[in-house]
Every structure is written in C-alpha cells, then in structure tokens.
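**Student:** what follows is a predicted protein model with its sequence.
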Amino acid sequence: MYKIIFFDQDDTLCPAKNKADREMVELFEQLLDKYKVVIITWGMLNNIEYQVVSELSDSANLENLILFPTCGAKMFLNEWWDWKEKYAMKLTEEEIEHIENVLNKAIWELQLQPKKTWWEILENRWGTQVTYSALWQKAPLEEKKDWDTDKKKRLQILDYVADELEEFSVWIWGTTSIDIMKKWIDKSYWVIKTIELYGFEKEEILYVWDALFPGWNDYVVVKTGIDTKKVDSPEDTKKIIKELLTFR
C-alpha cells in the first residue's frame, strides 16, 4: 500500500546523537530498494550523514533517499553520490537576531538560566532555523534528561514568546530544545511538499516517529491525514521495516 516512508532520526532510526547499528543499516538498505525513503530531523545535513548515511554501503540505492535536515527547512537529493540542495527556506539576519533576543529575554525574565552549560545554547542552523538547547546540544545526555523532564520549563518559554514570535513556527523538541523557523515550515509542510513533488496519494505515505503526541513538533504531521506509527525505540522501527519488506 505504501510507496514512501518518512522516518525521524534520533530514537527512531538510531539512539540520539549516535550511529545506526548494523542491523538497522542492513534493513534500511533493503527498504531503499523497494520504497522512496525520507529522513527528516532537527539536525543539520552532517548529522544525518554521520548517524545514518555514512554507514550505508556503496551499493545502497541513494536515488530513493530524500533528506530533510533542520525540520524540513532544507531538502537534499543525491546526484552522482553527492547531496545537492534543492530547497532552502531561510530566515533573514534581522529575523535571526530578533528570535535570539526574544529567547534570551525569556530565559532571563523566567529565571530559567541553567546552572551549567557545555557551550552555546542558541544555535543558528544554516540560516533556516534557530535552536535553543538549554545546556548545549552535545551536553551529557543524563544532564539533559534531568533538566526538563516534564517539559514545563520549555512550555513556560513557549508561552512567554508566543506574541513576539507569532510570525514564526516554534516547537519543542528532544530533551532540552526549542526550534524556531519560518511560519508554516514544519514537518507537515514537507510531507505535503513531497506529495506535490512526487505525486503520491496520502494513502501511499507512512510516517514513523518517536514523539507523536500533542504539543510536540512531530505531532503536526497528524493533521495531514497520512498514516503514522509511533515507536519507542529503534528496535520498534526495525519491526516496522521488516513488516514493510514483506509487502513488496
């Protein structure tokens, strides 16, 4: 029934910030032989390449692979074993400065400064997305998990910035992050865009994610009406891929 499969990356194809294991890589390559496959993630292209693409063999069918880094604000296709940018929905320098000022103000006014950070907590990702990572994106995972376990801190920030950033899409992600990009550029936008580009019907698309619940940046995909499957780990994803491989 399906012709194209969308995957999140962290905690769906591989553990957060880590490479996909050998079994996942082998299953993923088999899937590329039978389906169009999309990876869409908060990170930049180098994150996708390091965690998944670099692990694929030379015989992998990369013509069937579509990459959407920074939550879909950019699109890359493979041409002659090189990734070529096809779309980029960039913020202006003035917009980036405004977003950073509003976030800094919110953190200060709400007294949500962390006791310790490991590097910069505001990151300009390719000019397409500003990401707030409370401790820094590569801070120790256990520290990150403990910082906002109930998401209340980030929900406070979202409420505080709502009016000043109303012209942007603002989403909670991961354990400590908030992503801000151009309005309407979210993960559902690129599902719809892919439908337009390739002519798929909604019934032919499956979306596999680890965070499909209200308020999360992945949940927007539900409104597109495509089929979705929530997973709790890459092991769950492997089971879904194995099922898909039996159908084609």
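**Tutor:** Everything's here; your move.

**Student:** so which bits of the helix or strand of the chain with the lowest mean pLDDT are buried?
**Tutor:** Of all the helices and strands that make up the chain, helix 187-198 has the lowest average by mean pLDDT, DSSP states H and E, namely a mean of 79. By 16 or more other CB atoms under 10 Å, the buried positions in helix 187-198 come out as 187, 188, 189, 190, 191, 194, 195. Any C-beta I mention is one placed from the backbone N, CA and C, and that applies to glycine too.

**Student:** now the helices for this structure?
**Tutor:** 22-32, 45-51, 93-109, 141-147, 152-161, 187-198, 234-247 (DSSP state H).

**Student:** let's have the buried residues of helix 187-198 in JSON lines, adding distance to residue 79.
**Tutor:** JSON lines is the format used below for the buried residues of helix 187-198 (distance: CB to CB, whole Å):
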{"residue": "187", "distance to residue 79": "24"}
{"residue": "188", "distance to residue 79": "27"}
{"residue": "189", "distance to residue 79": "23"}
{"residue": "190", "distance to residue 79": "19"}
{"residue": "191", "distance to residue 79": "23"}
{"residue": "194", "distance to residue 79": "18"}
{"residue": "195", "distance to residue 79": "22"}
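
**Student:** ok so, going back, for residue 4, which of the helices of the chain is the nearest?
**Tutor:** helix 187-198 (6.8 Å; CB to CB).

**Student:** mind saving the C-alpha coords of that closest one as PDB?
**Tutor:** Listed next in PDB are the C-alpha coordinates belonging to helix 187-198 (Å, rounded to 0.1, in the frame of the first residue of the first chain):
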ATOM      1  CA  LYS A 187       7.400  18.600   9.400                       C
ATOM      2  CA  SER A 188       3.900  18.600   8.000                       C
ATOM      3  CA  TYR A 189       4.800  21.100   5.300                       C
ATOM      4  CA  TRP A 190       7.400  18.800   3.800                       C
ATOM      5  CA  VAL A 191       5.000  15.900   3.900                       C
ATOM      6  CA  ILE A 192       2.700  18.000   1.800                       C
ATOM      7  CA  LYS A 193       5.500  19.200  -0.400                       C
ATOM      8  CA  THR A 194       6.700  15.700  -1.100                       C
ATOM      9  CA  ILE A 195       3.200  14.700  -2.100                       C
ATOM     10  CA  GLU A 196       3.200  17.600  -4.600                       C
ATOM     11  CA  LEU A 197       6.700  16.900  -6.000                       C
ATOM     12  CA  TYR A 198       6.200  13.100  -6.500                       C
END
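
**Student:** contact partners of it?
**Tutor:** Residues outside helix 187-198 that contact it (CB atoms under 8 Å, 6 or more residues apart in numbering): 4, 6, 36, 38, 40, 66, 68, 71-72, 75, 87, 200-202, 205, 207, 217-218, 220-221, 223-224, 226.
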